[in-house]
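Student: What would the 3D arrangement of this be:
(2 chains)
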Amino acid sequence: MSYFFTIFSPTDTPLFTHEFGTSRSGGDGIARFTASERSLAPFILHSSLDIVEELQFGPSSTSGSAPMYLKHIDKYANNFVSCWITGANVRFLLLTRPRDEALGLAGGGGAGARGSLAGGRVTGSGLYDPRSPATEEAVKNFFVDVYEAWLKTVMNPFFHAGNGDVVKSPVFRQRVAAAAKKYL
Amino acid sequence: MSTTFPIRQSSLPSHPPPRPQSLPPQSSHYNRPAPAGTSTAMSSTPSSGPGLRYPSNKKTIYDRNLNRSKNAELSRAAFAYLFIEMIAYAQRGARDVGDLEQRLNNQGYPIGVRLLDLLLSRSSNPLASIRPTRILPLLQFIAQTLYRHLFGRPADALERSGTDSAQYMLFDNEPMVNTYISLPREMSSLNCAAFVAGIIEGVCDGAGFPTEGVSAHSVGEQEEGKDGKGAPLWPGKTVFLIKFKKEVLEREEILARGGG
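Tutor: This is a model prediction of the structure:
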């Protein structure tokens, strides 16, 4: 699986982008996007921001508060988008591109399998399901780790996320990469 | 002769190596290589990337604990000294009292945006990470969590304005920031709690509840009449007027109808 992770400021400016592959089940942690998929990823994430805005004030759990983790929010072609929104409206978006086999596309007879996946019903036989508890938990753990590193970034008085300050720290990138390696 | 500056030769590349990710080009000025004078000091940390300087104890901000609240209390004298300097800084070039208050407000604003996330992450269960999505939980967060963090006690009262439904009032009987401030007569309308108002505004704005502005007003003297005679009970009583923008109230209404 390949992942494309972006942090968006409250004004929809991308502040940080990281691309990586899975380290689970023998993965080497390298993203395997085709050139067209890679160039499409920012567009998919930006279009998902609309859905984040629809959901972020949505049905609240208890007493007017909502969780930061919005789980799986969007799907475009074979790309799945998960979101974490911080208290200050900074959005973490993670785009997941499962391997073709995990989508049931490897055999070439795609249409039927793809349709069932869109409905999110078929979970057996190793097909990728963004709503399975294991996937949600792994993505959440990843986001929690990134959120902690992000908090330390924004506590820097010279960093203004609202002004579109880009995260340049290599240490932050290391932290994100470590979280990705650990959980995804 | 050439052996005199071996470190300098190697530690000053003509151009830094390309960064691995596609960051916008405006970031370059932060990544500039260290000046020549510090090259010998930099050579002791050869593993550091271009331009990144580690503090002497090798601990970046990412290695520090966020929840270190022990010994986090600041002495009042230190705060008072710093705050006086901040007011003096704001006063430089301020046209009038309103302008001065606005400058103090601007100083507090970024603090509010940051404290919002920090305090949310410090809530009882960090993994449950929740954020306020309605006005009331947000205001309670300000009056309880934020106030406790800043001043060690909750705010004294929280009311909704009777005349303007967009306006909320947060009362502080004795603002800590005003403890050591006595106002000259020509500036009697100044309230330096405008700094705290800025923090509150930052929290509201950051959480997605934009305000028309948050302002601090002294109301201690008005209570004099109510109490009858004598000095008011709380001479420094301050009210923070929080006026939310129209769209926030509209959203609140829609959410309430939707059965949130």
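Student: Number of residues surrounding A:Thr11?
Tutor: 10 (other CB atoms under 10 Å in any protein chain shown). Glycine gets a C-beta too; all of them are placed from N, C-alpha and C.
Student: Ignoring the adjacent residues along the chain, who's closest to the residue in chain A that chain B sits nearest to?
Tutor: Relative to chain B, the nearest point of chain A is A:Gly64 (3.2 Å; CB to the nearest CB). Nearest residue to A:Gly64, sequence neighbours excluded (CB to CB, 6 or more residues apart in numbering or on different chains): B:Arg134, at 3.2 Å.
Student: and the one you found, backbone torsions?
Tutor: Dihedral angles of B:Arg134 (phi, psi; degrees, to the nearest 10) stand at phi -120, psi 160.
Student: you'd agree it is up against B:Glu252?
Tutor: Yes: the criterion here is CB atoms under 8 Å, and B:Arg134 meets it with B:Glu252 at 6.6 Å.
Student: Now do the contacts for B:Ala166.
Tutor: If you count contacts by CB atoms under 8 Å, 6 or more residues apart in numbering or on different chains, B:Ala166 has them with B:Glu212, B:Lys243, B:Phe244, B:Lys245, B:Lys246, B:Val248, B:Leu249.
Student: tell me the contacts of the last one?
Tutor: Going back to what we said before, that points to B:Leu249. Counting by CB under 8 Å, 6+ apart, the residues that B:Leu249 touches are B:Ser165, B:Ala166.
Student: Kindly recompute the last result at 6 Å.
Tutor: B:Ala166 (CB atoms under 6 Å, 6 or more residues apart in numbering or on different chains).
Student: quick one: it is in a helix?
Tutor: Yes: B:Leu249: assigned to a helix according to DSSP: H, G, I helix; E, B strand; the rest coil.
Student: For it, give its distance to A:Arg99.
Tutor: Distance, B:Leu249 to A:Arg99, using CB to CB, to the nearest Å: 48 Å.
Student: And the pLDDT at the residue of chain A closest to chain B?
Tutor: Looking at A:Gly64, its pLDDT is 75.
Student: And the one 3 residues further on, by the same measure?
Tutor: The predicted local confidence for A:Pro67 comes out at a pLDDT of 84.
Student: Return the list of strands paired to the host helix or strand of B:Leu170, each annotated with direction.
Tutor: Here B:Leu170 sits within strand B:167-172, counting by DSSP states H and E. Partners of strand B:167-172 in the sheet, by DSSP bridges, are strand B:157-160 (antiparallel), strand B:238-244 (antiparallel).
Student: Report the distance from it to the chain centre.
Tutor: Offset of strand B:167-172 from its chain centre (CA atoms, centre = their mean, to the nearest Å): 19 Å.
Student: what does chain A have sitting close to chain B?
Tutor: Within chain A, the positions near chain B by CB under 6 Å from any CB of the partner chain are A:57, A:59-60, A:64-68, A:86-89, A:149, A:151-152, A:154-155, A:166, A:168, A:170-171, A:175.
Student: tally of neighbours for B:Gly202?
Tutor: 25.
Student: Where does pLDDT dip in the stretch 151-260 of chain B?
Tutor: B:221-231, B:259-260 (pLDDT under 70).
Student: Can you tell me which residue of it sits closest to chain A?
Tutor: Closest point on the stretch 151-260 of chain B to chain A, by CB to the nearest CB, is B:Gly206, at 4.0 Å.
Student: Report the contact partners of the closest residue to A:Ala88 other than its chain neighbours.
Tutor: Once flanking residues are discounted, A:Ala88 sits nearest to B:Gly206: 4.0 Å by CB to CB, 6+ apart. Contacts for B:Gly206 (CB under 6 Å, 6+ apart) come out as A:Ala88, B:Val113, B:Leu116.
Student: Could you tell me whether the last one really is in a strand?
Tutor: Spelled out, it's B:Leu116. No: B:Leu116: not assigned to a strand; according to three-state DSSP it is helix.
Student: That one - how many residues pack around it?
Tutor: 29.
Student: swap in the first one?
Tutor: The number of residues packed near A:Ala88 is 27, by other CB under 10 Å.
Student: Give me the residue at the spatial middle of chain B.
Tutor: B:Ile111 (1.1 Å; CA atoms, centre = their mean).
Student: so who does the nearest residue to it once chain neighbours are set aside touch?
Tutor: Counting by CB to CB, 6+ apart, B:Ile199 is the residue found nearest to B:Ile111 once chain neighbours are left out, at 5.1 Å. Residues counted as contacts of B:Ile199 (CB under 6 Å, 6+ apart) are B:Gly108, B:Ile111, B:Gly112.
Student: Just send these back as TSV, with secondary structure and pLDDT too.
Tutor: Below are those laid out as TSV (DSSP: H, G, I helix; E, B strand; the rest coil; pLDDT from 0 to 100):
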residue	secondary structure	pLDDT
B:Gly108	helix	93
B:Ile111	helix	92
B:Gly112	helix	93
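Student: export those to CSV and tack on distance to B:Tyr81?
Tutor: Listed next are the contacts of B:Ile199 as CSV, based on distance: CB to CB, whole Å:
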residue, distance to B:Tyr81
B:Gly108, 18
B:Ile111, 18
B:Gly112, 22
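Student: right, and out of those, which lies closest to B:Leu74?
Tutor: Set against B:Leu74, the nearest of the contacts of B:Ile199 by CB to CB is B:Ile111 (13.5 Å).
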